[in-house]
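Visitor: I would like to see how this sequence folds:
(2 chains)
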Amino acid sequence: MTGAAHLDDIRDPLIIAEGWKSDGRGVAIATVVETWGSAPRPAGSHLVVDDEGNFHGSVSGGCVEGAVVTEAIDVIGSGKPRILEFGVADETAWRVGLSCGGRIRVYVERLG
Amino acid sequence: MESGLLNAVNDERRARRAVVVVKDLEDGSARLVRETEELGGELGEAVAKAFRTGNSGLVEAGGRSVFLNAYLPQPRLVVIGAVHISQALAPMARIAGYPIELIDPRTAFASADRFPDVELHADWPETVLAKRPLDAYSALAAVTHDPKIDDYALKAALDAGCFYVGALGSRKTHAKRVERLLALGATTAQVERIAAPIGLDIGASSPAEIAVSILAQIVRAFRSRGAGSDRLPKGEAA
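Guide: Down below sits the predicted model:
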């Protein structure tokens, strides 16, 4: 057995992103870059998205992934990275939010 | 991120080597840093800390805000001895994110019947560890009480710089073990890293309770890697 067996190829988002890219799909990588208060996933966590909206990994406990996937598909199209910020559900800012009361910033970029 | 960088990051991770990706969020540029590289300066300090703790985050360096994404290998837990304690430790450790690899040449102990769903090697540690070497992101717990089985693995774990090395046995048993390991060429500093008697002192009595104390000690050792010169909190069990 090799060391590769220690990476969970089925669930590891970066391994999945690599596979998708080599299949010729458009891919975006979303990364939690900053958290405040009670955030479900630490900085460095990844969600990867393909151009059909398939995704793996997480940037929260499932609270904001839907919104990140939508933004990621735009980023795959434009190639321009974006920084998204999510806080407590707040109509004036975002339609979705974190029920835990924390805030996170997520960097979304296209895999070139 | 460029595909080439992602492939390089994944290659390092597959090889169980730690990497940090330094990313400038303003211009999108990124570079990969290996643990062996000395960067120096503010950035170097921050990168060293990211390697030590495994924590990612934004840092200020050279007047710019950069994001450090740390990727540490998943900890491996190698247990020598398919004994009663190991039967309790295996499912607990898997849940905690430290899937175990169990080694015991005694086939009566190392049976799939006793250890369902566990990576089991009914062979000598010398043979198994030659194929799957230990590294700094491995923990080794030797729980057979049998020098013929435990000693080689303990010496290999110390030489590989495992983040945790623990050995079951009384203080008296351990004193004799230390003598044997020194005779095998281990240094005094190395043998002092062994957590023995094994496990945190929580008054554990049953095999399952001892398994809890061992697992807790392993988690503490992993989360305090590189904290001070004494990288391994020493054993403190009764």
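Visitor: what about B:Ala195, how many neighbours?
Guide: Residues lying near B:Ala195 (other C-beta atoms under 10 Å in any protein chain shown) number 25. In short, each C-beta sits where N, CA and C put it, glycine included.
Visitor: just checking, B:Asn55 touches A:Ala43?
Guide: Yes. Counting by C-beta atoms under 8 Å, A:Ala43 is a contact partner of B:Asn55 at 7.2 Å.
Visitor: what's the first helix or strand after the strand ranked longest in chain A?
Guide: Determined from DSSP state E, the single longest strand within chain A is strand A:27-36. Downstream of strand A:27-36, the next assigned helix or strand under DSSP states H and E is strand A:46-50.
Visitor: any part of the next helix or strand after that following strand near chain B?
Guide: Note on strand A:46-50: by DSSP H and E, the next helix or strand toward the C-terminus is strand A:55-57. No. Looking at strand A:55-57 against chain B by C-beta under 8 Å from any C-beta of the partner chain, there are no contacts, and the closest approach is 13.1 Å.
Visitor: any idea of the mean pLDDT for the helix or strand just after strand A:55-57?
Guide: Note on strand A:55-57: by DSSP H and E, the next helix or strand toward the C-terminus is helix A:65-78. Summarised as a single mean, pLDDT over helix A:65-78 is 95.
Visitor: buried stuff in helix A:65-78?
Guide: For helix A:65-78, a neighbour-count test (16 or more other C-beta atoms under 10 Å in any protein chain shown) marks A:Glu65, A:Ala67, A:Val68, A:Val69, A:Glu71, A:Ala72, A:Ile73, A:Val75, A:Ile76 as buried.
Visitor: any regions of chain B where pLDDT drops low?
Guide: Scanning chain B for pLDDT under 70 picks out the ranges B:226-238.
Visitor: excluding chain neighbours, what is closest to the closest residue to chain A within it?
Guide: Of all residues in chain B, the one sitting closest to chain A is B:Ser56 (2.8 Å; C-beta to the nearest C-beta). With sequence-adjacent residues excluded and distances taken as C-beta to C-beta, 6 or more residues apart in numbering or on different chains, B:Ser56 is closest to A:Gly44, at 2.8 Å.
Visitor: ok, back up a step: B:Asn55 and A:Ala43: which is more packed in?
Guide: Remark: of B:Asn55 and A:Ala43, A:Ala43 carries more neighbours, 20 against 14, as counted by other C-beta under 10 Å.
Visitor: ok, the more buried one to chain B distance?
Guide: Separation of A:Ala43 from chain B (C-beta to the nearest C-beta, to the nearest Å): 4 Å.
Visitor: helices of chain B, start to end?
Guide: Assigned by DSSP state H, the helices in chain B fall at B:3-14, B:41-53, B:84-96, B:125-131, B:147-160, B:171-183, B:188-192, B:207-223.
Visitor: list the buried ones in the second one?
Guide: Put plainly, it is helix B:41-53. B:Leu43, B:Ala46, B:Val47, B:Ala48, B:Lys49, B:Ala50, B:Phe51, B:Arg52, B:Thr53.
Visitor: pretty sure the first one sits against B:Glu60.
Guide: No. Judged on C-beta under 8 Å, B:Leu43 makes no contact with B:Glu60 at a distance of 9.5 Å.
Visitor: out of the buried residues of helix A:65-78, which is nearest to chain B?
Guide: A:Val75 (11.4 Å).
Visitor: ok, that closest one touching A:Tyr107?
Guide: No. Contact criterion C-beta under 8 Å: A:Val75 and A:Tyr107 do not qualify, at 10.0 Å.
Visitor: now for those two: what residues contact both?
Guide: A:Pro81, A:Arg82 (C-beta atoms under 8 Å, 6 or more residues apart in numbering or on different chains).
Visitor: so what's the residue count around residue 104?
Guide: All of this refers to chain A. 25.
Visitor: you looked at the wrong chain, it should be chain B
Guide: B:Asp104 has 27 neighbours, counted by other C-beta under 10 Å.
Visitor: residues contacting it?
Guide: So B:Asp104 contacts B:Ile80, B:Gly81, B:Ala82, B:Val83, B:Ala110, B:His121, B:Ala122, B:Thr144, B:Ile149 (C-beta under 8 Å, 6+ apart).
Visitor: and B:Tyr152, by the same measure?
Guide: B:Trp124, B:Pro125, B:Glu126, B:Leu129.
Visitor: got the end-to-end distance for stretch B:72-83?
Guide: 30 Å (C-alpha to C-alpha, to the nearest Å).
Visitor: in that stretch, what's buried?
Guide: Buried-residue list, stretch B:72-83, by 16+ other C-beta under 10 Å: B:Leu72, B:Pro73, B:Pro75, B:Arg76, B:Leu77, B:Val78, B:Val79, B:Ile80, B:Gly81, B:Ala82, B:Val83.
Visitor: which among those residues are in contact with chain A?
Guide: Checking these against chain A (C-beta under 8 Å from any C-beta), the matches are B:Pro73, B:Arg76.
Visitor: from the buried residues of stretch B:72-83, which ones fall inside strands?
Guide: Those of the buried residues of stretch B:72-83 lying in strands (DSSP E): B:Arg76, B:Leu77, B:Val78, B:Val79, B:Ile80.
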